[in-house]
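> sequence and predicted structure are below.
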Amino acid sequence: SGDTAAIVAARNGRSETLELLYRKGVDLEKRNKDGKRPLHEAASAGSLECVQFLISKGVEIDCLKRADW
């Protein structure tokens, strides 16, 4: 799947884990094999806290495909 620790944390609503990973220098923009980034997973899971954290760190806000607009 190519899921990173940040993707798994975002998918599971673990904002405190995302913050720790960020402080350790983990890339919050890295995509998995499906092209998903932590922000996509956090939004899909309905984790407002993770979405807010990721946006506050300046991650790119985009959709996976144009049809999602």
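Yep, it's here. Keep in mind the model is a prediction, meaning the values are calculated, not measured. Numbering: from 1, shown residues only.

> how about the lowest-mean-pLDDT helix or strand in the chain: buried residues?
Here the helix or strand of the chain ranked lowest by mean pLDDT, DSSP states H and E is helix 38-45, holding a mean of 95. Buried residues in helix 38-45, counted by 16 or more other C-beta atoms under 10 Å: Pro38, Leu39, His40, Glu41, Ala42, Ala43. C-beta: built from backbone N, CA, C; applies to glycine.

> possible to save those as TSV with distance to Gly58?
Converted to TSV, those look like this (distance: C-beta to C-beta, whole Å):
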residue	distance to Gly58
Pro38	13
Leu39	11
His40	16
Glu41	17
Ala42	15
Ala43	16
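
> what's next to the least confident helix or strand of the chain, contact-wise?
Applying C-beta atoms under 8 Å, 6 or more residues apart in numbering, the contact partners of helix 38-45 are 4, 6-7, 9-13, 18, 28-29, 50-51, 54-55, 59-61, 64.

> buried stuff in the helix or strand that it is followed by?
On the C-terminal side of helix 38-45, the closest following helix or strand by DSSP states H and E is helix 48-56. By neighbour count on 16+ other C-beta under 10 Å, the buried set for helix 48-56 is Cys50, Val51, Phe53, Leu54.

> residues touching the closest residue in space to the third one that isn't next to it in sequence, list them.
Looking back up the chat, that one is Phe53. The spatially closest residue to Phe53, leaving aside those adjacent along the chain, is Ser15, at 5.0 Å (C-beta to C-beta, 6 or more residues apart in numbering). With contacts taken as C-beta under 8 Å, 6+ apart, Ser15 has the following neighbours: Ala9, Ser47, Glu49, Cys50, Phe53.
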